[in-house]
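Colleague: I'd like to go over a predicted model; first the sequence, then the structure.
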Amino acid sequence: MHRNLLFVLACYFLIAGSCSPPEGAQQHVTYTEPGDPHPVSDSVWAKVPYGLHATFVSPDAHFIRSAPPEQRQRFGNWQTIALRGERVHTQALLWASEGVDNVRLHVGDLLHESGRIIPAEHIQANFTRYVLTDDIELDRLKNGCGIPAGLDSLLVADVLDPATNLALEPNSARPVWLRVDVPVNTEPGQYRGELKISADGQEDIILPYAVDIVAHVLPPAEDWEFHLDLWQNPFSIARYYDLEPWSDQHLEALRPYMQLLADAGQKSITASIIHDPWNGQTYDVYQSMVKWTKRANGTWEYDYTNFDKWVTFMMDLGIDKFINCYSMIPWNERFYYYDETLGKDTSLIASPNSDEYRRHWLPMLIDFARHLKAKGWWEKTTIAMDERPMKAMQNALGVIKAADSGFKVSLAGAFHPELADVLVDYCVASGEQIDTSILLRRQEKGYTTTFYTCCVEARPNTFTQSPYAEATWLAWHALHKGYDGYLRWAYNCWNANPLQDTRYGSWPGGDTWLVYPGARSSVRFERLREGIQDYEKARILISKLTDAGRGDELSELKAAIAHFELGALDSIPAAEAVNRAKALLNSL
């Protein structure tokens, strides 16, 4: 969605289990990282002592692959506070002036002085791999859409790789992402552990850290109130691994990606009920999950087999609040179907105010309503559109309600007061202003109101060049504005070589995906998930402070949340705002 613009899967161990490689899938367990188009001069390594070095560093900092860290960036150890059930993480950095082979990361149990432990299976350390992005100054962009062709490239760290070992090239640095998933039954107290780094011909390096577990409990992701809606593209995964869409192998390949999404609290299923609803905006076109056939006698037949497979698959993972069906108003107003008389696929161009449009959609919606009710999905399904003009929306609504007045509708786009009481799922662009009374009225009706960013917002955003903390900042902004959550248009719309280059189209690098082949997460995705946890923690704490009558502390927390205005980023960097607010959360 862009405003104003017409394995083997690497068997990646997840908390929920491990994946099995789909038969015949291309192998991507290891891959070649791109070269640095602008390496720093080797002279910066002149004073670096011989051997492998490592230190904890800020999780907010980007590090250049061809330069060692500055002294001020190095931390002796890491100590953090966590709720039971929370995921916490940080960053370490490895560097060496000479090549180092077979670098390995080791994590063990976290130990409490009483002998209690957090088992090592809840701790994970990953090498962070580098990818190409645009060499642009996001701070100077007023609009990120329409990046000109031929821009220079920049190397940034983002991919969290499950590789068990990696080599360091001479005069190079390598970030490491360390995360701890605190079991919900952990007894409060301080737990100490170590990140051990070993390599051929090198002495082991030990980085100590501690996690202070508090008594509060963070609910499991499926119970989070934050409404996360990252649009999925199952067709990218089918293409990348050369799998038949909707085959058993395809569904198995999808599983680790969608499990990552479920573990972040995803609420909505992205379902394409027509072919190419976004006029080829993605490298892999969204195909219709419903087969439309116009019979020779002029009547219609609708095959929901693939739609049913997809919805059932996602619901089995716990992603089941909404089935958002796109789109009755495609960007090119073109509708594809198979014509029995012609014996081939063909298409119709029809605007929402036309008789042809009504004749095309009314039979389908009547039949679709029947099918959804038979499957038990009626209450969860919305007819979804994005960034469509008000008049077109009103015309489409007329057809929808004529088919069945009980149909639910959702929209991502500009805010229209006339639609505030109509749309059960309304996502507005980040700069839109909605009156508080309208938000409260929608909440009372049980409606969902979220916001989104896309290529328009140079900041805050989740581009590969964006400051890592901006991904976390977004959820705090939702909390401040009274939104139920956040939407982004592309969870996994990959290009031809997503593990090397994150650029696609005329949009900033990273705009079209947050996770990588091999079910590899990213720093951006983990930081986005962190913000969602903060939202949940703040929501729980606000309730507790209110019930306990702790007005001063409640006022202090609300004042901190109020700093998450879009314009505030001009004077307060995302990392500063997030870290200040998180420190307050952890102190209450």
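Modeller: Noted; the coordinates are in hand.

Colleague: Quick check: the gap between residue 218 and residue 574.
Modeller: 22 Å (C-beta to C-beta, to the nearest Å). C-betas here are computed from N, CA, C, even on glycine.

Colleague: quick one: which of those two has more around it?
Modeller: It is residue 574, of residue 218 and residue 574, that has more neighbours when counted by other C-beta atoms under 10 Å, with 25 against 19.

Colleague: from what I can see residue 462 touches residue 471, true?
Modeller: Yes - contact criterion C-beta atoms under 8 Å: residue 462 and residue 471 qualify, at 4.9 Å.

Colleague: Report the set of residues contacting both of these two.
Modeller: Residues touching both residue 462 and residue 471 (C-beta atoms under 8 Å, 6 or more residues apart in numbering): 524, 528.

Colleague: Look at the two and report which has more neighbours.
Modeller: residue 471 (28 against 25).

Colleague: all helices for the stretch 251-400 of the chain, in order.
Modeller: 305-316, 355-375, 390-403 (DSSP state H, counting those that start in this stretch).

Colleague: Please convert these to TSV, extending it with mean neighbour count, mean pLDDT and distance to residue 75.
Modeller: Conversion of these to TSV gives the following (neighbours: other C-beta atoms under 10 Å; pLDDT from 0 to 100; distance: least, C-beta to C-beta, whole Å):
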stretch	mean neighbour count	mean pLDDT	distance to residue 75
helix 305-316	18	98	40
helix 355-375	16	98	53
helix 390-403	17	96	52
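
Colleague: how about those helices, which one is nearest residue 511?
Modeller: Closest of these to residue 511 is helix 305-316, at 23.5 Å (criterion: C-beta to C-beta).

Colleague: elements contacting that closest one?
Modeller: Identification of packing neighbours for helix 305-316 by 3 or more C-beta pairs under 8 Å, 6 or more residues apart in numbering; DSSP states H and E yields helix 248-263, strand 268-272.

Colleague: can you rerun that using 10 Å?
Modeller: helix 234-240, helix 248-263, strand 268-272, strand 291-294, strand 322-326, helix 355-375 (3 or more C-beta pairs under 10 Å, 6 or more residues apart in numbering; DSSP states H and E).

Colleague: tilt between that helix and helix 248-263?
Modeller: 40 degrees (axes from the mean of the first three to the mean of the last three C-alpha atoms, to 10 degrees).

Colleague: Could you figure out how far helix 305-316 is turned away from helix 355-375?
Modeller: With the same axes, to 10 degrees defining the directions, helix 305-316 sits at 50 degrees from helix 355-375.

Colleague: Strands of the stretch 101-250 of the chain, start to end?
Modeller: 110-112, 117-118, 123-134, 153-161, 165-168, 172-181, 189-198, 205-217, 227-230 (DSSP state E, counting those that start in this stretch).

Colleague: Note down every partner strand of the first one and its orientation.
Modeller: So the one you mean is strand 110-112. strand 117-118 (antiparallel), strand 189-198 (antiparallel) (DSSP bridges).

Colleague: Longest helix of the protein, counting residues only.
Modeller: Taking DSSP state H as the criterion, the chain has its longest helix at helix 523-548.

Colleague: Distance from that one to the middle of the chain?
Modeller: Distance of helix 523-548 from its chain centroid, counting by C-alpha atoms, centre = their mean, to the nearest Å, is 17 Å.

Colleague: tell me the average confidence for that helix?
Modeller: Averaging pLDDT along helix 523-548 yields 97.

Colleague: Which strands or helices does the helix or strand following it pack on?
Modeller: Following helix 523-548 in sequence order, the next helix or strand is helix 551-561 (DSSP states H and E). On a contact count with 3+ C-beta pairs under 10 Å, 6+ apart, helix 551-561 meets helix 468-481, helix 523-548, helix 574-587.

Colleague: Go through those helices and name the closest to residue 340.
Modeller: Closest to residue 340 of the helices and strands packed on helix 551-561 is helix 523-548 (C-beta to C-beta; 44.7 Å).

Colleague: hmm, back to that, need the winner for burial among the strands of the stretch 101-250 of the chain.
Modeller: Ranked by mean neighbour count, these are led by strand 227-230 with a mean of 25 (mean count of other C-beta atoms under 10 Å).

Colleague: quick one: that one to chain centroid distance?
Modeller: Chain-centre distance of strand 227-230: 8 Å, with C-alpha atoms, centre = their mean.

Colleague: do the same with stretch 398-415
Modeller: Averaging C-alpha positions (C-alpha atoms, centre = their mean) puts stretch 398-415 26 Å from its chain's average.

Colleague: Could you shift the numbering so residue one becomes 23, and keep it that way?
Modeller: Noted, 23 is the first residue going forward, which turns the last one into stretch 420-437.

Colleague: Can you pull the poorly scored residue ranges out of this structure?
Modeller: 23-50 (pLDDT under 70).

Colleague: Which among the helices and strands packed on helix 327-338 is found nearest to residue 417?
Modeller: When the helices and strands packed on helix 327-338 are compared by C-beta to C-beta, helix 377-397 sits nearest residue 417, at 7.6 Å.

Colleague: circling back to that earlier point, between the strands paired with strand 132-134, which one is closest to residue 414.
Modeller: Evaluated with C-beta to C-beta, the strands paired with strand 132-134 place strand 139-140 nearest to residue 414, the distance being 53.5 Å.

Colleague: distance from the centroid: which residue in the chain tops it?
Modeller: residue 319 (45.6 Å; C-alpha atoms, centre = their mean).

Colleague: tell me the contacts of it?
Modeller: The contact partners of residue 319, by C-beta atoms under 10 Å, 6 or more residues apart in numbering, come to 362-363.

Colleague: quick one: it from residue 325, how far?
Modeller: To residue 325, residue 319 is 17 Å away according to C-beta to C-beta.

Colleague: does residue 471 sit in a helix or strand, and which one?
Modeller: Here residue 471 sits within strand 470-474, counting by DSSP H and E.

Colleague: tell me which strands and helices that strand is in contact with?
Modeller: strand 249-252, strand 430-435, strand 447-451, helix 458-466, helix 490-503, strand 507-510.

Colleague: Now tabulate these in CSV and tack on distance to residue 182.
Modeller: Shown next, in CSV, are the helices and strands packed on strand 470-474 (distance: least, C-beta to C-beta, whole Å):
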stretch, distance to residue 182
strand 249-252, 17
strand 430-435, 28
strand 447-451, 28
helix 458-466, 35
helix 490-503, 12
strand 507-510, 18
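
Colleague: Many thanks, have a good one.
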